[in-house]
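>>> Quick one, fold the following:
(one chain, ligands or ions: 1)
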Amino acid sequence: MSGQDLDAVIVGAGFSGLYMLHKLRGLGFSARVIEAADDVGGTWYWNRYPGARCDIESCDYSYSFDEDLQQEWQWSERYASQPEILRYLQHVAERFDLRRDITFETRVERAQWDEAAQLWTVSTDSDEQLTARFCIMGTGCLSSFNTPDIPGLADFAGDTYTTGQWPHEGVDFTGKKVVMIGTGSSSIQSTPIIAQQAERLTILQRTPNYVVPGHNYPMPDDEANKVKQSYAELRDAAQESAVGSGRALPRTPHLATSLDEQTFLSDMERRWAVGGLVGFVGAYADLNMDPAAANRVGEFFADKIRARVSDPEVAEKLIPHDHYVTTKRLCVDTGYYESFNRDNVDLVDLRTTPIETIVADGVRVGDTLIEADALVLATGFDAMTGSLNRIDIRGTKGMSLADKWNEGASSLLGLMSHGFPNLFTITGPGSPSVLTNMVTSIEQHVDYIAGVMVYLRDQDGVQIEAEQDVEDAWMAHNNTVAQTTTYMSANSWYIGANIPGKPRVFLPYIGGYHAYRAICQDIAQNGYCGFLIDGAARPCEVNFDAHVESFTPEELMVA
Ligand code: NA7
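I've put the predicted structure just below:
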């Protein structure tokens with residue numbers, strides 16, 4: 001390599017960056033990971049709030065790339081807690097000797113494409129500069145925390161905690177009055193634990209969410225062994241699944257709207273008894289498409305809330321009313337609703353009484369001061385684009401990626417964006433990512449990116465980038481598929497609605513993991529058409545619609 005430090009710089013040492021490093025090493029590429037934290041883990045390094053846990057079953061939410069790894073690692077619970085996932089990733093880093101190629105406590109600030117040299121120059125906050133043929137972003141989909149713009153936030157005299165940047169030493173809320181803002185997954189997981197400690201916990205809710213029970217349990221040895229013996233089938237099933245999960249419950253072969261009451265209820269009860277989100281998201285062919293189907297399922301959820309929350313007024317406040325089930329990320333709980341049956345937990349509906357201001361000793365909601373010693377911000381993330389836009393990424397002619405995405409993120413397959421040669425985004429906008437089991441999607445992307453790099457190397461090529469026309473076609477396809485669903489109607493972070501001023505584009509690809517994977521394969525089999533190799537475009541006949549399960553209203557009637 002002349003004038004070049006590495007084949008690839010990888011940003012981030014979470015699930016994406018770790019596997020990318022391992023994969024590239026195995027293919028003979030030189031690579032270095034740059035990581036802001038002082039250890040591996042990514043999302044699972046930062047999100048240490050009490051109760052943080054994965055919503056996908058542990059055996060599913062784990063790497064499949066190495067048989068010995070999956071045989072030797074034993075998960076202790078059905079859904080792994082944050083500390084266990086972090087230990088797993090630390091184990092992976094040790095096992096594959098990854099740390100020697102990771103620079104910790106260093107944040108990438110800028111990445112610039114040098115057109116003449118055809119190299120990326122990556123600059124960090126420690127004034128280091130690395131040059132590499134490829135720059136690969138493993139920056140995560142939910143890693144740029146959203147600090148709400150609430151008047152007086154800086155005036156609060158007590159301690160303020162954000163769920164996505166929780167203190168490593170933990171927080172003891174014993175004897176404290178705690179106010180938590182937000183009722184997404186992070187709040188739903190942490191509420192039961194904070195409620196047990198705090199003298200008083202007040203939850204400030206802007207939008208209630210749909211929540212399914214996790215039914216978490218310690219994994220008995222015989223079940224863990226059974227899982228290990230069936231990993232091959234589990235992983236195969238994940239590859240064929242719309243949500244990239246080998247544990248997804250099969251779709252009921254009837255529409256939610258066509259089932260008689262008794263059959264519908266017994267089907268929903270069966271799913272409820274299993275628990276977990278992958279049993280619900282694809283339960284019926286019409287669920288994500290027909291408001292009537294979503295309402296029927298939503299009413300089932302509402303009745304569950306009424307049954308679990310003793311105070312009927314509180315129960316009604318907790319029932320979602322402004323979006324269809326699944327259109328905002330379904331949450332999974334352990335004891336969330338029961339927390340509201342405690343004497344020391346209050347729920348405030350911000351839609352009825354908004355926050356006026358935060359003051360030194362609490363939060364003023366309407367005319368009432370809610371006293372607080374501690375404030376917990378569980379206010380979410382600038383999803384999918386936040387962490388990419390935080391880096392000053394400059395492509396051809398100095399174009400900034402953030403500027404290109406000013407009107408909405410755009411990429412080919414969530415992997416590459418025209419004007420940014422040799423820059424890959426793992427689970428970038430336009431990829432199935434957050435609508436799937438992230439680990440399945442991450443492994444698919446890493447393998448695919450590595451495949452592109454090997455193809456380029458085999459062709460003696462130097463530069464590859466998305467072709468603008470094909471990128472536009474991909475985004476149009478993504479939008480068309482999203483428009484057929486109820487998802488577009490919700491003010492979700494999927495669409496950027498949680499960040500003031502963020503352009504509204506449906507960010508994740510909603511055609512399903514299996515369809516996405518098949519499209520990627522078609523493109524690869526056609527010589528990676530849709531990607532310009534050293535500036536040369538090739539015709540791309542790949543039909544994006546071919547693999548997507550779609551239903552016309554007439555077909556829905558008979559599905
Ligand atoms: P989420 O799901 O984005 O939840 C954030 C919550 O914070 C949500 O209830 C928001 O209400 C609320 N929020 C955000 N800003 C404000 C302000 N200014 N005032 C009041 N309430 C506010 O983030 P999580 O961390 O819980 O979960 C993220 C993902 O992690 C989750 O989906 C899983 O994939 C894992 P809103 O709904 O916007 O009205």
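
>>> Quick check: next helix or strand after the top strand by length along the chain?
Longest strand in the chain, counting residues (DSSP state E): strand 129-137. Note on strand 129-137: by DSSP states H and E, the next helix or strand toward the C-terminus is strand 159-162.

>>> circling back to that earlier point, tell me which residues in the longest strand of the chain are buried?
Leu130, Thr131, Ala132, Arg133, Phe134, Cys135, Ile136, Met137 (16 or more other C-beta atoms under 10 Å). In this view, the C-beta of every residue, glycine as well, is placed from N, C-alpha and C.

>>> Just name whatever secondary elements it is in contact with.
strand 6-11, strand 31-34, strand 119-124, strand 423-425 (3 or more C-beta pairs under 8 Å, 6 or more residues apart in numbering; DSSP states H and E).

>>> what two of the buried residues of strand 129-137 are the furthest from one another?
Distance extremes for the buried residues of strand 129-137: the farthest pair is Thr131 and Met137 at 16.6 Å, using C-beta to C-beta.

>>> how about whichever residue of the stretch 101-250 of the chain sits closest to the ligand, what does it touch?
Of all residues in the stretch 101-250 of the chain, Gly184 sits closest to the ligand, at 2.1 Å by C-beta to the nearest ligand atom. Applying C-beta atoms under 8 Å, 6 or more residues apart in numbering to Gly184 gives the contacts Asn209, Arg329, Cys331, Ala378, Gly380.

>>> Count the residues that sit near the third one.
In this case it means Cys331. Neighbour count for Cys331, taken as other C-beta atoms under 10 Å: 20.

>>> Make sure it is actually in contact with Val212.
Yes: the pair Cys331 / Val212 is scored as a contact, 7.4 Å apart, by C-beta atoms under 8 Å.

>>> hang on, Asp303 in a strand?
No: counting by DSSP: H, G, I helix; E, B strand; the rest coil, Asp303 is not part of a strand but helix.

>>> re the thing from before, dump the buried residues of strand 129-137 to a markdown table, plus pLDDT and distance to the ligand.
Output for the buried residues of strand 129-137, formatted as a markdown table (pLDDT from 0 to 100; distance: C-beta to the nearest ligand atom, whole Å):
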| residue | pLDDT | distance to the ligand |
| --- | --- | --- |
| Leu130 | 97 | 31 |
| Thr131 | 97 | 35 |
| Ala132 | 98 | 31 |
| Arg133 | 98 | 33 |
| Phe134 | 98 | 28 |
| Cys135 | 98 | 26 |
| Ile136 | 98 | 23 |
| Met137 | 98 | 19 |
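
>>> Reformat those as JSON lines; add distance to Leu435.
Below are the buried residues of strand 129-137 laid out as JSON lines (distance: C-beta to C-beta, whole Å):
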{"residue": "Leu130", "distance to Leu435": "33"}
{"residue": "Thr131", "distance to Leu435": "36"}
{"residue": "Ala132", "distance to Leu435": "31"}
{"residue": "Arg133", "distance to Leu435": "31"}
{"residue": "Phe134", "distance to Leu435": "27"}
{"residue": "Cys135", "distance to Leu435": "26"}
{"residue": "Ile136", "distance to Leu435": "22"}
{"residue": "Met137", "distance to Leu435": "19"}
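
>>> Show me which of the residues you listed is closest to Glu269.
Out of the buried residues of strand 129-137, the member with the shortest distance to Glu269 (by C-beta to C-beta) is Met137, at 43.0 Å.
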